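>>> Got a predicted structure plus its sequence, pasted below:
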Amino acid sequence: MVIDMERNLKDILTEVLVFPYEQSVVEALTDACSKYVESIEIGQFEDCVLHLCLDIPAHELMQSINTQTARKYPSRVYRALAGYVVGEALDNDSDEDDKVVFPLALRNAMKAKTDDADGIISKTIDPASFAAVEDYWKENIAIPSLIGNDIVSKEIFDNSTWADTGFEVEDTFGDIQALAKFYNREQFKKKFAGRKPSDNQDIYAFAYQVAEEIASQEWLFTAENSVQTLKSLDLKGSAISFANIKPQIRVNSDTVIDDIDSVSVYRRYLLANDYEELGTRRISPLNFAIAIFYELLYERLKSEKYE
């Protein structure tokens, strides 16, 4: 996915500088950022995302900029540069894994962004980049049609062992896999149809539980539409603060804190006591479930694709 968004660093820097830099300085910064993007890895991208959204310094980026341009800059300039790097990395991702994992990292962190990040974000991030997550899901949810009829033939129904059918496993594996996916999806639909909280279960604990179940399916794409599945559940209720949600989640969780990624901002707040500024924010049960699902999805994809 290469998005054609004109991104002018001089224009971006006007968000954070009263007096603009000379063109030579802007060009040097542009070159330094471009070189950083060329070899950026997932951990570096996460750091830049957190610098952009929450003003948590991306020290590796800052050091790289300083070294390449032989000077230092005000803290607000580094934040603008982090936004520029994030936007360029999203636009120029050539790795298939980066195309979905990078936008998902940004989507998760942006839930906690501070208001003073809005100006930089508007000039560095193309909203179209977030479509990659949904596109990735759509590309993988289809269950292929059976290649032949052997796997649903009389030989299957009338014999008690595979050997008796005379079929070769290698020849029918694709059909077996398709049927396994179909069965898995049908069982999933039955399990989640009309699903409700158990007696006396907190609605947010229930929301967290179902989001976790959807994100941990053996076949990731069991749910044809994960968000729609969550919307179909009984996740009604008024929005409450994260400070009030936290005790309900912590009492039922055995999550190892070190396993929660830095951009999973809600889970870091709930289980690791990070991002304490989120405590006063309010969220509905449905939006909470959707947000937790995307955080867990990110952590799963990152683990499968990069570790």
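Received the coordinates, thanks.
>>> what about the strands in the chain?
Assigned by DSSP state E, the strands in the chain fall at 240-241, 282-283.
>>> pretty sure Arg141 contacts Phe221?
Actually, residue 141 is Ile. It isn't Arg. Yes: here Ile141 reaches Phe221: they are 4.6 Å apart, a contact under CB atoms under 8 Å. To be clear about C-beta, it is placed using only N, CA and C from the backbone, and glycine gets the same treatment.
>>> So, low pLDDT: which residues of the stretch 51-200 of the chain?
The stretch 51-200 of the chain contains residues with pLDDT under 70 at 93-94, 148-150, 154.
>>> again, 90 this time
By pLDDT under 90, the low-scoring segments of the stretch 51-200 of the chain are 91-99, 129-134, 136, 144-177, 179, 193-195, 198-200.
>>> Please identify the most buried of the strands of the chain.
For the strands of the chain, the largest average neighbour count (mean count of other CB atoms under 10 Å) is found in strand 282-283, namely a mean of 16.
>>> Return the distance of that one from the chain's centre.
20 Å (CA atoms, centre = their mean, to the nearest Å).
>>> Could you spell out the sheet neighbours of it, each with its direction?
Using DSSP bridges, strand 282-283 pairs in its sheet with strand 240-241 (antiparallel).
>>> Identify the residues contacting the strand it pairs with?
Contacting residues not belonging to strand 240-241 are listed as Tyr204, Gly279, Thr280, Arg281, Arg282, Ile283 [CB atoms under 8 Å, 6 or more residues apart in numbering].
>>> what's the closest of the residues you listed to Phe167?
Tyr204 (49.3 Å; CB to CB).
>>> list the contacts for the residue lying closest to that closest one once chain neighbours are set aside?
Nearest non-adjacent residue to Tyr204, counting by CB to CB, 6 or more residues apart in numbering: Ile245, 4.8 Å away. By CB under 8 Å, 6+ apart, Ile245 lies in contact with Tyr204, Leu270, Ile283, Phe288.
>>> still on that earlier bit, which of the strands of the chain sits closest to Leu301?
Leu301 sits nearest to strand 282-283 of all the strands of the chain, at 23.2 Å, using CB to CB.
>>> what about Ile151, neighbour count?
Residues lying near Ile151 (other CB atoms under 10 Å) number 19.
>>> same deal with Glu218?
Residues lying near Glu218 (other CB under 10 Å) number 7.
>>> Reformat the contacts of Ile245 as a markdown table; add pLDDT and distance to Thr255.
Listed next are the contacts of Ile245 as a markdown table, based on pLDDT from 0 to 100; distance: CB to CB, whole Å:
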| residue | pLDDT | distance to Thr255 |
| --- | --- | --- |
| Tyr204 | 96 | 15 |
| Leu270 | 96 | 9 |
| Ile283 | 98 | 19 |
| Phe288 | 98 | 16 |
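>>> Narrow those to those in helices?
Mapping these onto helices (DSSP state H) picks out Tyr204, Leu270, Phe288.
>>> Can you add neighbour count and give these back as JSON lines?
As requested, the ones in helices among the contacts of Ile245 are exported to JSON lines (neighbours: other CB atoms under 10 Å):
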{"residue": "Tyr204", "neighbour count": "26"}
{"residue": "Leu270", "neighbour count": "26"}
{"residue": "Phe288", "neighbour count": "25"}
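>>> Show me which of these is closest to Pro103.
Nearest to Pro103, judged by CB to CB, of these is Phe288 at 20.9 Å.
>>> Who are the contact partners of that closest one?
Tyr204, Ala207, Tyr208, Ile245, Tyr266.
>>> Likewise for Ala243?
Residues in contact with Ala243 (CB under 8 Å, 6+ apart) are Gly279, Thr280.
>>> Repeat the analysis, applying 10 Å as the threshold.
Tyr269, Glu276, Leu278, Gly279, Thr280, Arg281, Arg282 (CB atoms under 10 Å, 6 or more residues apart in numbering).
>>> Could I have the buried ones of those residues as PyMOL selection syntax?
The buried residues among the contacts of Ala243 can be selected in PyMOL (16 or more other CB atoms under 10 Å) with this line:
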select buried, resi 269+278+281
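>>> hang on, the earlier thing: distance to Ser238 added to the contacts of Phe288, as JSON lines?
Formatted as JSON lines, the contacts of Phe288 follow (distance: CB to CB, whole Å):
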{"residue": "Tyr204", "distance to Ser238": "12"}
{"residue": "Ala207", "distance to Ser238": "13"}
{"residue": "Tyr208", "distance to Ser238": "17"}
{"residue": "Ile245", "distance to Ser238": "12"}
{"residue": "Tyr266", "distance to Ser238": "18"}
